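Q: kindly return the folded structure for what I paste below:
(one chain, ligands or ions: 1)
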Amino acid sequence: MQKLYKKLALVQQELKAPKSQFNKFGNYNYRNQEDILEAVKPLLAKNNLTLIISDEIAMFGYNSTGRWYVKATATLIDSESGEQISNTALAREEEIKRGMDGSQITGAASSYARKYALNGLFLIDDTKDSDYTNGIDPTLSSKPTPAVKPTVVATPKVEVEQPKPAVTTGNNVPNPAFKCSKCSKAITTAEKVYSKLQYGQELCRDCQKTSTKIEKKKIETPKTEENEVWDSILQEGEWH
Ligand SMILES: [Zn+2]
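A: Residues are numbered from 1 along each chain as shown. Model prediction:
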């Protein structure tokens, strides 16, 4: 992992992500995931690194308190050595939020989780922002883990399995790598995550209208070691 660690340290030192967003309620500037991605891209190119961000919907909590979360994983891959390192962050799905439809809620949770996955990977400190109140997100009641320890995965050779598509566009821009499973139209990250959550498959908005929602309450998360760990993290209230 030596090569990647060295490169990551260089990127962390050099990275200056601007706070280009403004919260008019709190009267302060903050940064979003696009700010971080824009700032980090040239540093990735310079160091022959590739960044991949992926979302998945997961239910944490194996009893009746199980909740849906968007889990974002930011993975940094060294194109030269094939080494990679990942950081994961969570944001909770809320069933109902004022003034937002379901896919916006999922998009907001996804953006939030992604940003925190990136913050953890690149050591960006956002604690002064208290930015969970930023923008459209004031009613989310729980927050992604601020500092889950990066999971280090040593890969001796370049992976055979192609990594998930790098999503460096916003959540609401159709991504050619994401296709509706019914009509094959390109869908956005938000649509993908939302439809997976609501319908159990990845659907465009049109196909969502003609599909049946899944009965979420019937899905239970198995009591596994990983889920127990997540549960304890979530219950410790370490969200800031
Ligand atoms: Zn479709």
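Q: for the chain, name the helix or strand with the lowest mean pLDDT.
A: None of the helices or strands of the chain scores lower by mean pLDDT, DSSP states H and E than strand 151-153, at a mean of 41.
Q: correct me if wrong, but Trp68 is in a strand.
A: Yes: counting by DSSP: H, G, I helix; E, B strand; the rest coil, Trp68 falls inside a strand.
Q: count the neighbours of it for me.
A: For Trp68, the neighbour count with other CB atoms under 10 Å is 20. (Each C-beta comes from the backbone N, C-alpha and C, glycine too.)
Q: got the residues of this protein near the ion?
A: Proximity of the chain to the ion, by CB under 5 Å from the ion, involves residues 180, 182-183, 185, 204, 207.
Q: can we see that at 6 Å?
A: By CB under 6 Å from the ion, the residues of the chain that approach the ion are 180, 182-183, 185, 203-204, 206-207.
Q: picking that back up, and the following helix or strand past the least confident helix or strand of the chain, what does it pack against?
A: Next helix or strand after strand 151-153 toward the C-terminus (DSSP states H and E): strand 175-179. Secondary-structure packing of strand 175-179 (3 or more CB pairs under 8 Å, 6 or more residues apart in numbering; DSSP states H and E): strand 186-187, helix 189-199.
Q: kindly reformat these as TSV containing mean neighbour count and distance to Tyr30.
A: Formatted as TSV, the helices and strands packed on strand 175-179 follow (neighbours: other CB atoms under 10 Å; distance: least, CB to CB, whole Å):
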stretch	mean neighbour count	distance to Tyr30
strand 186-187	20	28
helix 189-199	24	20
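Q: where among those is average confidence lowest?
A: Ranked by mean pLDDT, the helices and strands packed on strand 175-179 end with helix 189-199 at the bottom, a mean of 82.
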